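Trainee: my questions are about this predicted structure, shown below with the sequence.
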Amino acid sequence: MNDIVQLQPADFDEALDLLNLAFGFKAPPDDFESILPKLYQPNRMGWNYAIRTREGLRAIVGVFPMTFHVGSTRLKVGGIGGVGTHPDARGEGHMSRLMNYCLGTMKREGFDLSCLGGLRQRYAKFGYETGGVRHNFQVLRQNIQRVPEADRPVRFCPLANENAEALATVQELHDRSPVRVDRPMQD
């Protein structure tokens, strides 16, 4: 038995154990469930494909669906993530087999494109290249500590469900952006 399977809610614990092992994560807050709670929930396991052998899950690839807006154009995008192989199964071709399977699945399901962040040398053989623009804006404590709080042009506050006004403001700013990924408030 060496089948590719689409994971189900019942596979959640085994899948997270494999991903945490593959990435060297030990426990919260440094584990997949804590770092990416929007993606790693039992009811979203169907976004993950895996190789299952007699020993259990050996490799996983996640295909996380997104709707990407560019102006008035909507694109169906598959975000590739959670690409991991059990340490005892590395070098057996599981990842190549899963990546090719997932690429074929996205084509059959009408995805316009897919994206991933990862090592270029690892994913170039599947057609992935570095592309796009990346902005990095960093505010350090020393940038604002000498400005009296009343005069600060930017106010920082926790973005949590308890702060509905801040969440609504951020959601409104996001939804007005001409280039964005749909991000429902609950996520």
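Mentor: On my side now, so go ahead.

Trainee: so which strand or helix has residue 4?
Mentor: Using DSSP states H and E, residue 4 maps to strand 2-6.

Trainee: helices or strands up against that strand?
Mentor: strand 48-53, helix 94-108 (3 or more CB pairs under 8 Å, 6 or more residues apart in numbering; DSSP states H and E). Heads up, the C-betas are built off the backbone N, CA and C, glycines and all.

Trainee: and the helices in the protein?
Mentor: Using DSSP state H, the helices found in the chain span residues 12-23, 32-35, 94-108, 120-123, 141-144, 164-176.

Trainee: now tell me which helix or strand of the protein has the poorest mean pLDDT.
Mentor: Every helix and strand of the chain was ranked by mean pLDDT, DSSP states H and E. The lowest is helix 141-144, at a mean of 73.

Trainee: show me what the spatially most central residue of the chain bridges to in the sheet.
Mentor: With distances taken as CA atoms, centre = their mean, residue 81 lies nearest the centre of the chain, 5.2 Å away. Residue 81 has these beta-bridge partners by DSSP bridges: residue 62.

Trainee: show me how far stretch 20-35 is from its chain's centre.
Mentor: 14 Å (CA atoms, centre = their mean, to the nearest Å).

Trainee: redo the helices of the chain as CSV? Include mean neighbour count and distance to residue 42.
Mentor: Putting the helices of the chain into CSV (neighbours: other CB atoms under 10 Å; distance: least, CB to CB, whole Å) gives the following:
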stretch, mean neighbour count, distance to residue 42
helix 12-23, 18, 4
helix 32-35, 16, 10
helix 94-108, 16, 20
helix 120-123, 12, 28
helix 141-144, 9, 39
helix 164-176, 11, 25
